[in-house]
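Visitor: Sharing a model prediction with you, sequence too.
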Protein chains: 2
Amino acid sequence: MKERLTKLREAMRKAGIDCYVIPTSDFHNSEYVSEFFCVRKYFSGFTGSAGTLVVWAEAAVLFTDGRYFLQAAAQLTGSGITLMKMGEPGVPKLTEYLEHELQDGQTIGFDGRVVTASDGMEYETIAQKKGGHVIWNLDLAEAIWTDRPAFPATKVFVLKECYSGETTAEKLARLREKMEQENADVHILTTLDDIAWLFNLRADDVECCPLLLSYAVITAKEAYLFANERAFSAEEKTYLSENGICLKDYDSFYTYITAYCGAHADARILLCEKRMNYRLKKEIGDQVNIVDRPNPTTLMKAVKNPIEQENLRKAHLMDAVAVTKFMYWLKTNVGKVPMTEISVADELEQLRRENPSFIEPSFHTISAYGANGAIVHYSADPDSCADIVAKGMLMVDSGGHYYEGTTDITRTFVLGDITDRMKQDFTLVVRAMLRLKDTRFLHGCTGANLDLAAREVFWEKGLDYKHGTGHGVGYLLNVHEGPNSFRYKVSDMSEKWVFEEGMVTTDEPGIYIEGSHGVRIENELLCRKGEENEYGQFMYFENLTFVPIDLDGVDPFAMEQKEIDSLNRYHQAVYEKLLPYFAGEELAWLREATRTISRE
Amino acid sequence: MKERLTKLREAMRKAGIDCYVIPTSDFHNSEYVSEFFCVRKYFSGFTGSAGTLVVWAEAAVLFTDGRYFLQAAAQLTGSGITLMKMGEPGVPKLTEYLEHELQDGQTIGFDGRVVTASDGMEYETIAQKKGGHVIWNLDLAEAIWTDRPAFPATKVFVLKECYSGETTAEKLARLREKMEQENADVHILTTLDDIAWLFNLRADDVECCPLLLSYAVITAKEAYLFANERAFSAEEKTYLSENGICLKDYDSFYTYITAYCGAHADARILLCEKRMNYRLKKEIGDQVNIVDRPNPTTLMKAVKNPIEQENLRKAHLMDAVAVTKFMYWLKTNVGKVPMTEISVADELEQLRRENPSFIEPSFHTISAYGANGAIVHYSADPDSCADIVAKGMLMVDSGGHYYEGTTDITRTFVLGDITDRMKQDFTLVVRAMLRLKDTRFLHGCTGANLDLAAREVFWEKGLDYKHGTGHGVGYLLNVHEGPNSFRYKVSDMSEKWVFEEGMVTTDEPGIYIEGSHGVRIENELLCRKGEENEYGQFMYFENLTFVPIDLDGVDPFAMEQKEIDSLNRYHQAVYEKLLPYFAGEELAWLREATRTISRE
């Protein structure tokens, strides 16, 4: 690691860079990135999913958040890199740190493609204040990281209309309508899920995300897709040309933008400034008119069409069969066969893979046993993961990508004796999940209005969970997809949006007791229109997830009657949905697992 | 009325105005205005509380909202003024209407003091598009309205520190701290409640609002109050000079601003653009720097200090004694003595007046019997108000200003037989009010997060009420005071704010069944800090209102057990608080009115 930093410093010196900033990102501001983009990990040795490395001639620091303080401290030992614990008292923000440390006339260097426009602008301002400047067009890892993984270019496939429910031509027409409303000549799209949705294309360029690395430019008449040609077979190329989509080389995107903006000084470009990277901002320049709006495709893809909705019901049923069989296997075998956090996750993936529609997991399974369940973002390590015995609880948060859509489900399983506190906590989480699921509301509500439905039973006991209650889910796209969510704290940046019919959102309250246990229960909810009357359009949530909630963790005496009724109705529905897929002992178990409970 | 319009048109012609706009406002963008400012009423004959009159040489139109369609139609009959029903299909917005009707080169006239800066800017843009301009410095009513009420200048009094809890010097110091944080040289304040709060002054210039018509200008060293000198006795003038406040003539405000801005071209002026009028914007001009922020006093005065809180508890207890005695009188006399909507409101006011701390009603009492209860903003008319008999329900929404603070309470009283539907609706409203009152939450929540606590029991039945669940209340100031409220629909204009300890908000769900009945129950809630633990600072609401909820309207079988428990606890507290003020038959009645209920 030290040698790598030495080489980096040598390259910095040659390029005239005093301070080189390496965030954790790809060129598209993605949540998950492929190995090619793990430059920060390469130079620091720190493997967490978030962090920014800042390298100077003499020093180096790594900024990361509370999830990773312990891990980063361990992995940075001996590297000469100082850990900066974000959010801790006395620890400056990255920009404050840069402003404090940068000397007069010094330069800040970074790859403008992996830095957001707003971050890059802040670095620029800091450098200018010190009479220096930024160098933003160099990826210094290129020459140093000799065994760097290849740039991803996995095989692209077209998502058939029976899955997408809407042709690319129809989607482009809707997008162009929005462009016309905004009086925009051109729309630049750099977010991978928006592009995949718009063109009905999928690939496997990012682990757990069926996306292709690409940019798109759309005008009233033309549509350009900047991607790796090698990833397209003849069939996909024909599809593109039939749909009037011109395939251009991925690497030619920025020069195309520079040329376009040079030739169209009066053009009005529709794009989402928050989502663009610094390099794109620089290539666009100051001459053209930016129409800064959320990408129109953000809302379009969040609202699942009727065919997508019908497919999602199928995907969730297939997923429920796998997860419920996993539950049966787990509950009947624990204590009898050896199990670890990772081996049970593998078992679950195996069960999902039995379904031909299954493509890949939609994210890395969180399999957290006992006290590990209290770590919200726990990731089991093969070398240190816990053995599972017939005692306590196991939390499994997992999901799958199917042609029929993406799933995300969490269940917490009771594996033996649990304390009364554990049972009370389990019951509380079940109550919160059910209450939000059962909420009816008027059209016009956002997730900030509805979050209370889940959280109120926590708050009345002086408890809480430090994460949102739920997030939007893509259709064979990112498992975390905006704009819909359930969260009471709304940042000023958030756009105003309301729950529309067709939006899919997770409902996943949890409780995390450090050193002891964690419980999270997660269903997915499809927003539907209900009655329309003199008061307006009522909305409700259709439940998509049909997997038993472990009744060994539920205390009916800690529940309101309407919650008991809701749980019983839910289990009745689970039983009916799963009945065709279960037989013999498994079916007998299922009947018991979905039994009616009461306070009698 | 026609003669008045003729005179107005003559004045318009002389002034070169083609279209004269008369909104409903004073110079301070106040919710309630005194008679002097009722220019729109003078020229149109329409007496509603909201509406804008637009007068042309040949035509005239009045824009008003759904509350007033019937009343306006009746009052405009024969006036030659066309009613524009705002919000109805096909009815343009005022600005759309102006843009459509204004001919090339025509001018729009208005008194820039009664038009908000943003509205005035829109009129200006419209006129400019047509090659015309606006004339904004004329109040054409001045010469025509010969018997116009005098400009209000009621006696000013100082609110003693035992009531205000904070001296003007301390308030000015806090304000100047905020000004320094914003790097502002001067702060201009035009909102009457902010000025009254800041200087601990009260008067009676606006009916039901203990305010003085005034402007204020504050710098790091000076404080200027622009008000009518006649309103101040020697004592109050001494108070002002002791506090370093320079009293200037009300009418000299705008010339002062023009002179100041002319002399301080580089000044940074802190003000709230949303709250300022068009004339102020024009007098300030474009040379100085505006720091557009919510007035710092908005949040300061919303957070009641410990002395104000303690006083408010007293005010609410005094008010509760009056309202509960009214309830006793009403319930024991209805059907035996003649009563009308207005006579019972007078009876209630009389009971409040028995308390020496009572100053005046905090708003016009809404006394709505039977089907009138379904009209949210019902105002009983002496000529047509309903007789009250021993049948159905009476809704009374009223409040008082006391030296110890301002109250606002609604109770709905059952006066005889009611239908099952009425009882179910009554019970539903009680449940919603109690649920919100009992909510516990983490610091960081806004009213948009908490509104669900009241509304969910409505929404689960497909019901709603078309108003916010609650509003902030001033301390011997406006009964409607921002920024706090309970409402799920948050306009984009609203600032981000959270519930802080000391904020007082009403909790007043209601149900309105046209042609049949209405129920609203309103308590006031004081936001308090609860437990602080690893999850953060918990908050809760302390109930301020202690008046029985009419149990004749409550069906325990339509309530959850926790709601029954809450109502019983509430009535127990009401009984204990009121006990010292009741004796004999009244006390026996109170004991019965606050009895424990159950489903047995």
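Guide: Good, I have the coordinates.
Visitor: And the biggest strand by length in chain A, how far out from the chain middle?
Guide: Secondary structure assigned by DSSP state E gives strand A:523-533 as the longest strand of chain A. Centre-to-centre, strand A:523-533 and its host chain are 24 Å apart (Cα atoms, centre = their mean, to the nearest Å).
Visitor: just stretch A:385-404 next, same as before
Guide: With Cα atoms, centre = their mean as the basis, stretch A:385-404 stands 18 Å off its chain's centre.
Visitor: Also stretch A:590-600?
Guide: With Cα atoms, centre = their mean, you get 35 Å for stretch A:590-600.
Visitor: low-scoring stretches of chain A, by residue?
Guide: The model of chain A has pLDDT under 70 over residues A:491-495.
Visitor: Output the set of residues of it in proximity to chain B.
Guide: Residues of chain A that fall close to chain B, judged by Cβ under 8 Å from any Cβ of the partner chain: A:439-442, A:444-446, A:448-453, A:456, A:459-460, A:462-464, A:466, A:488-489, A:492, A:496, A:530-531, A:533, A:535-536, A:538, A:560, A:562. Backbone N, C-alpha and C define where each C-beta goes, glycine included.
Visitor: just to revisit the earlier point, can you name the residues in contact with the longest strand of chain A?
Guide: Outside strand A:523-533, the residues within contact range by Cβ atoms under 8 Å, 6 or more residues apart in numbering or on different chains are A:304, A:309, A:312, A:316, A:407-409, A:433, A:436-437, A:440, A:443, A:470, A:473, A:484, A:499-508, A:537-545, B:462.
Visitor: of the residues you listed, buried ones?
Guide: Buried members of these, counted by 16 or more other Cβ atoms under 10 Å in any protein chain shown: A:304, A:309, A:312, A:316, A:407-409, A:433, A:436-437, A:440, A:443, A:470, A:473, A:484, A:499, A:501-508, A:538-541, A:543-545.
Visitor: Among the residues you listed, name the ones in strands.
Guide: Among the buried ones among the contacts of strand A:523-533, DSSP E puts A:Ile409, A:Gly470, A:Asn484, A:Val504, A:Thr505, A:Thr506, A:Asp507, A:Phe538, A:Met539, A:Tyr540, A:Phe541, A:Asn543 in strands.
Visitor: what pairs with the second one across the strands?
Guide: According to DSSP bridges, the residues that bridge with A:Gly470 are A:Phe486.
Visitor: do the fifth one as well
Guide: Here A:Thr505 shows beta-bridge partners A:Gly472, A:Leu525, assigned using DSSP bridges.
Visitor: Show the contacting residues for it.
Guide: Counting by Cβ under 8 Å, 6+ apart, A:Thr505 has contacts A:447, A:470-473, A:484-486, A:499, A:524-525, A:527, A:541.
Visitor: which one of the residues you listed is nearest chain B?
Guide: Of all the contacts of A:Thr505, A:Gly447 has the smallest distance to chain B: 10.2 Å, by Cβ to the nearest Cβ.
Visitor: give me every residue that touches that closest one.
Guide: A:Gly468, A:Thr469, A:Gly470, A:Asn484, A:Ser485, A:Phe486, A:Arg487, A:Phe499, A:Thr505.
Visitor: which residues of the stretch 251-400 of chain A fall in helices?
Guide: A:253-263, A:278-284, A:296-302, A:306-333, A:341-353 (DSSP state H, counting those that start in this stretch).
Visitor: still on that earlier bit, closest to B:Thr324 out of the ones in strands among the buried ones among the contacts of strand A:523-533?
Guide: Closest approach between those and B:Thr324, by Cβ to Cβ: A:Phe538, at 37.9 Å.
Visitor: Wait, that closest one touches A:Arg440, no?
Guide: Yes - with contact defined as Cβ atoms under 8 Å, A:Phe538 and A:Arg440 form a contacting pair (5.8 Å).
Visitor: overlap in contacts of these two?
Guide: By Cβ under 8 Å, 6+ apart, the residues touching both A:Phe538 and A:Arg440 are A:Gly530, B:Trp459, B:Gly462.
Visitor: from memory the last one sits against A:Met539, does it?
Guide: This points to B:Gly462. No - B:Gly462 lies out of contact with A:Met539 (Cβ under 8 Å); the separation is 11.3 Å.
Visitor: Need the residues touching each of those two.
Guide: A:Arg440, A:Gly530.
Visitor: who's in contact with the closest residue to A:Lys325 other than its chain neighbours?
Guide: In this structure, A:Lys325 finds its nearest non-sequential neighbour in A:Leu351, 5.4 Å apart by Cβ to Cβ, 6 or more residues apart in numbering or on different chains. Listed by Cβ under 8 Å, 6+ apart, the contact set of A:Leu351 reads A:Ala322, A:Val323, A:Lys325, A:Phe326, A:Trp329.
Visitor: swap the cut-off to 7 Å and go again
Guide: A:Leu351 is in contact with A:Ala322, A:Lys325, A:Phe326, counting by Cβ atoms under 7 Å, 6 or more residues apart in numbering or on different chains.
Visitor: what's the spacing between it and A:Arg591?
Guide: 20 Å (Cβ to Cβ, to the nearest Å).
Visitor: ok, now A:Met539?
Guide: The gap separating A:Met539 from A:Arg591 is 34 Å, by Cβ to Cβ.
Visitor: quick revisit: ok, the contacts of A:Leu351 vs B:Cys261, which is closest?
Guide: Distance to B:Cys261, by Cβ to Cβ, is smallest for A:Ala322 among the contacts of A:Leu351, at 71.5 Å.
Visitor: if we can go back for a sec, in the ones in strands among the buried ones among the contacts of strand A:523-533, find the pair that's most separated.
Guide: Most distant of these, by Cβ to Cβ, are A:Ile409 and A:Phe538, 27.1 Å apart.
Visitor: Nearest to chain B: which residue in the stretch 251-400 of chain A?
Guide: Nearest to chain B in the stretch 251-400 of chain A, going by Cβ to the nearest Cβ, is A:Ala374, at a distance of 12.1 Å.
Visitor: mind listing what that residue touches?
Guide: Applying Cβ under 7 Å, 6+ apart to A:Ala374 gives the contacts A:Tyr512, A:Ile513, A:Glu514, A:Gly515, A:Ser516, A:His517, A:Gly518.
Visitor: One more: A:Ile17?
Guide: Going by Cβ under 7 Å, 6+ apart, A:Ile17 touches A:Thr107, A:Gly109, A:Ile135.
Visitor: same deal with A:Leu463?
Guide: Taking Cβ under 7 Å, 6+ apart as the test, what A:Leu463 contacts is A:Ile511, B:Tyr535.
Visitor: Buried ones among the contacts of A:Ala374?
Guide: The neighbour count (16+ other Cβ under 10 Å) marks A:Tyr512, A:Ser516, A:His517, A:Gly518 as buried among the contacts of A:Ala374.
Visitor: Could you dump those residues into CSV and include secondary structure?
Guide: As requested, the buried ones among the contacts of A:Ala374 are exported to CSV (DSSP: H, G, I helix; E, B strand; the rest coil):
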residue, secondary structure
A:Tyr512, strand
A:Ser516, coil
A:His517, strand
A:Gly518, strand
